[in-house]
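> have a look; sequence and predicted model below, questions after that.
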Amino acid sequence: MHVIVATDGSRASLVAARQFKWIADSREITDVTVVAVVSPFAAVPFANELGSQRPTELTELSFAREAQVAVDLVAAEFDGWGPTVHQQIRSGSPAQEIIRAAEDVEADLISLAAGSRGLTQTILLGSTASRVQHSAPCPVLVCRPTRNSERVTS
Amino acid sequence: MAIPATADLSRHSELKRSITARQLYFYVVGDVLGSGIYVLVGLVAAAVGGAFWMAFLAGVAIAAVTGLAYAELVTKYPRAAGASLYVNKAFRNPLLTFFITICMLSANMAAVGSLASGFVRYFSGLVGLSEESIWRGTIVAVVFVALITVINLIGITESVVVNVVMTFIELSGLVVVVVIGVIALVTGVNDPGVLLQFSAEGSPVLAVLAGVSLAFFAMTGFENAANVAEETIDPSHAFPRALLGGMLTAGVVYVLVSVSAALAVPIGTLAGETLLEVIRADLFFIPATVMLVVFGLVAMVAISNTALVTVVAQSRILYGMAREDVVPGVFARIHPTRRSPYVALLFGAAVVVSLLVIGAAIRTTQADLPVDDQLDVVDRLATITVVFLLFIYALVIVACLKLRGSDETADTYRANTPLLLLGIVGNLAVLVYTLIDDPAALFWVGGLLAVGLVLYLLEKFFGHKQPGAPGEHPAPATAVEAPAADKEL
């Protein structure tokens, strides 16, 4: 089974990846593809909040590189877990590109966070998560931290 | 069975870029078109006279050459930072880089301010608001800035489709003006000889130069395209074509529109007014009363589109500065669900709004002065920042020539060198003329540069002690010190 794990560079997406790992059975999973989406027309195409926040040279700020750092960090979570880990950085609208990534690799599951912060993390459903659910070609796991999962993942 | 993620990298880590050459072309056209012609046509006409289309032609030519330099640099270094990056690469002078960044930021803010007052002029024309009521106009401008900010907070501008639709709306308005121009030519409203008349005394060359700096303002916005360079498919081929194609399209439209306006309306009527005067001439087969409403709406859409993109660019500059710790880290805050840099957006809006309010306050105190002596801070800042932009553009071309031979790959786009040299001369000629024509601008430029210098010194002495935004990431405080060492580039 091939699983897409999406990250938007937020802490919530990293916690969601850990929760997925906690829920899933690694023997059933052959491949994990970690996907990040850069939105070029947005004011901030990709905001990475993971890892050590080394201030970049003003002029060298590269959103593609930010996305790469986020994907590397989330992919590192699956090191030694079993499945082959792939990475993909796509550009465009987040929900659309996550769905396209799932179609491209014929994924059997998409795993993402309910939202990145605030209310979407606890009660509401983020727009990306709800759009992906709406038109995904496969089952979607919307991760939301629970007390039990917090104990394992944090 | 454990396979580390990195072992698989070469095969599967791929960047799926999303912007095609055609989308980039529309992005450039949309960016460049809205800003200038709708707002500035009257001012340029007043400065030059009937031959003001020549000012647009010259402005377009200089801007297009600058675009060549941008295209070459973008294909070498596809990053979001644009001019600041190129100047940094070429001159390795942190102070200069900082100034360029500050100049781009203030140019963006002044542009939003003047777009807002342009919007008010069309809005007043539409609802019949008197030009005299300064405060009512200011309220409309402030609401406009607030709306643009809210739209950016929500993140609507991200849609490629919206971009293309807006561009078509902008174009359709200008096509109407051109059609009216053709009608005017056929029915012989104005003598075509008006196209060669100069209102200013003395040399026609100087008259055109006077208009060029204004017309040049109409071509700004193309540098926003550098922001999306990172995500363009096959940038070394797509970028130069889309950028130049977009700028030339806008340029042709500008020249046609200004020729049409000169043919359809007496220059005295057009001077200082908007393109609505062309519609008011009632030469079109649809009655002017209807067309005034339609065209007013189209113009407002066009101005809004440009303002939206300018605000995005502005918040991105602030975000980058916050990431580098030049401004407090709080500017790098991203809205949790919308992922927009809300602090940067709100700060930019606050600056523009206070500009508008201060401008209005100054104007109310000057009500009894003759019109020529009145100070319109917003328009003033817009012309000042053109001075900065001309300087930056000349510097970008120099950077382009200086960086020849480094970081080149087989498919780096290479701009024509004589044209680039001509571009430097052109930019500097307009710059020098603007300063001679308006020496008071030097004080403003000096003042703004002094503010920049103070900011730079503050950053140098206190900047590195700044911890990250409270409660955000306590870690960076230590990490900041590391890159500081190799900062004396």
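That came through fine.

> helix or strand next in line after the lowest-mean-pLDDT helix or strand in chain A, which one?
Across the helices and strands of chain A, the lowest-confidence element by mean pLDDT, DSSP states H and E is helix A:119-122, at a mean of 63. Note on helix A:119-122: by DSSP states H and E, the next helix or strand toward the C-terminus is helix A:127-135.

> quick check: closest non-adjacent residue to A:V3.
A:L109 (4.6 Å; Cβ to Cβ, 6 or more residues apart in numbering or on different chains). In short, each C-beta sits where N, CA and C put it, glycine included.

> helix, strand or coil for A:V85?
Three-state assignment for A:V85 (DSSP: H, G, I helix; E, B strand; the rest coil): strand.

> right, and it touches A:T30 too?
No - when contacts are counted by Cβ atoms under 8 Å, A:V85 is not listed as touching A:T30 (10.9 Å).

> higher neighbour count, those two?
Set side by side, A:V85 and A:T30 give different neighbour counts by other Cβ atoms under 10 Å in any protein chain shown, the larger being at A:V85 (27 against 13).

> just the strands in the chain please.
Went with chain A since none was named. If DSSP state E is used as the criterion, the strands of chain A fall at A:2-7, A:31-38, A:84-91, A:109-113, A:140-143.

> hmm, no, I was thinking of chain B.
Under DSSP E, chain B gives strands at B:14-16.

> determine the longest helix present in it.
helix B:288-323 (DSSP state H).

> any part of that helix near chain A?
Yes - taking Cβ under 8 Å from any Cβ of the partner chain as the criterion, helix B:288-323 and chain A are in contact, through B:312, B:315-316, B:319-321, B:323.

> show me which of these are buried.
B:312, B:315-316, B:319-321, B:323 (16 or more other Cβ atoms under 10 Å in any protein chain shown).

> now render the residues you listed as CSV, adding pLDDT.
Rendered in CSV, the data for those read as follows (pLDDT from 0 to 100):
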residue, pLDDT
B:V312, 84
B:S315, 85
B:R316, 83
B:Y319, 84
B:G320, 79
B:M321, 77
B:R323, 76
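
> follow-up on the earlier one: of all the residues of helix B:288-323 next to chain A, which comes closest to B:V451?
For the residues of helix B:288-323 next to chain A, the residue nearest B:V451 by Cβ to Cβ is B:M321; the value is 14.7 Å.

> contacts for stretch B:260-270 next, please.
B:41-42, B:45-46, B:49-53, B:177-178, B:180-185, B:189-190, B:192, B:194-195, B:197, B:199, B:275, B:277-278, B:280-281, B:283 (Cβ atoms under 8 Å, 6 or more residues apart in numbering or on different chains).

> what's the PyMOL line that selects buried ones from these?
Provided next is the PyMOL selection string for whichever of the contacts of stretch B:260-270 are buried by 16+ other Cβ under 10 Å:
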select buried, chain B and resi 41+42+45+46+49+50+51+52+53+177+178+180+181+183+184+189+190+194+195+197+199+275+277+278+280+281+283
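
> chain A next: which of the contacts of stretch B:260-270 are close?
Among the contacts of stretch B:260-270, no residue sits close to chain A (Cβ under 8 Å from any Cβ).

> so which of the contacts of stretch B:260-270 sit within helices?
Counting by DSSP H, the part of the contacts of stretch B:260-270 found in helices is B:41-42, B:45-46, B:52-53, B:177-178, B:180-185, B:277-278, B:280.

> on that earlier part again, contacts only, for the residue nearest to A:V3.
A:L109 is in contact with A:1-4, A:138-141, counting by Cβ under 8 Å, 6+ apart.

> A:L61: which of the buried ones among the residues of helix B:288-323 next to chain A is nearest?
Closest to A:L61 out of these is B:G320 (4.7 Å), distances taken as Cβ to Cβ.

> please name the nearest non-neighbouring residue to that closest one.
For B:G320, the spatially nearest residue (Cβ to Cβ, 6+ apart) is A:L61, at 4.7 Å.

> what does B:P240 give?
Closest residue to B:P240 in three dimensions, ignoring its sequence neighbours and counting by Cβ to Cβ, 6+ apart: B:A71, at 3.8 Å.

> hmm, that neighbour is touching B:F239, no?
Yes - in this structure, B:A71 is within contact of B:F239 by Cβ under 8 Å, at 5.7 Å.

> anything in contact with each of those two?
Taking Cβ under 8 Å, 6+ apart as the criterion, B:A71 and B:F239 both touch B:Y413.

> low pLDDT regions in chain A?
Residue ranges of chain A with pLDDT under 70: A:52-60, A:116-123, A:154.

> please apply the same query to the stretch 201-350 of chain B.
Within the stretch 201-350 of chain B, the stretches falling below the threshold (pLDDT under 70) are B:201-202, B:325-326, B:336-338.

> got the buried residues for the longest helix of chain B?
B:291-292, B:295-296, B:298-323.

> likewise for stretch A:27-47?
Counting neighbours by 16+ other Cβ under 10 Å, the buried set in stretch A:27-47 is A:29, A:31-47.

> cool, stretch B:422-442 as well?
Using 16+ other Cβ under 10 Å as the test for burial, stretch B:422-442 gives B:423-424, B:426-427, B:429-431, B:433-435, B:438, B:441.

> chain center to that stretch: distance?
In terms of Cα atoms, centre = their mean, to the nearest Å, the centre of stretch B:422-442 is set 18 Å apart from its chain centre.

> what's in contact with it?
Stretch B:422-442 is contacted by residues B:58, B:61-62, B:65-66, B:68-69, B:206, B:209-210, B:212-213, B:216, B:383-384, B:386-387, B:390-391, B:393-394, B:397-398 when judged by Cβ under 8 Å, 6+ apart.

> what's the average pLDDT for that stretch?
This predicted structure assigns stretch B:422-442 an average pLDDT of 83.

> then stretch B:73-93?
Over the span of stretch B:73-93, the pLDDT mean works out to 82.

> does any part of that stretch sit near chain A?
Yes - judged by Cβ under 8 Å from any Cβ, stretch B:73-93 comes into contact with chain A at B:79-81, B:84-85, B:88-89.

> which one is whichever residue of the stretch 151-300 of chain B sits closest to chain A nearest to, not counting chain neighbours?
Chain A sits closest to B:E231 of the stretch 151-300 of chain B, with a gap of 3.6 Å, by Cβ to the nearest Cβ. What sits nearest to B:E231 in space, not counting adjacent residues and going by Cβ to Cβ, 6+ apart, is A:P40, at 3.6 Å.

> B:I303 versus the one you found, what's the distance?
Computed with Cβ to Cβ, to the nearest Å, the distance linking A:P40 and B:I303 is 24 Å.

> before we move on, what about B:I392?
Look at B:I392 and B:I303: by Cβ to Cβ, they are 23 Å apart.

> same check, this time on B:G452
Distance, B:G452 to B:I303, using Cβ to Cβ: 28 Å.

> again with B:G211
Spatial separation of B:G211 from B:I303 under the definition Cβ to Cβ is 21 Å.

> what about stretch A:115-125, start to end distance?
6 Å (Cα to Cα, to the nearest Å).

> repeat for stretch A:42-50
The first and final residues of stretch A:42-50 sit 20 Å from each other (Cα to Cα).

> ok, is that stretch in contact with chain B or not?
Yes - Stretch A:42-50 lies within reach of chain B by Cβ under 8 Å from any Cβ, at A:42-45, A:47, A:49.
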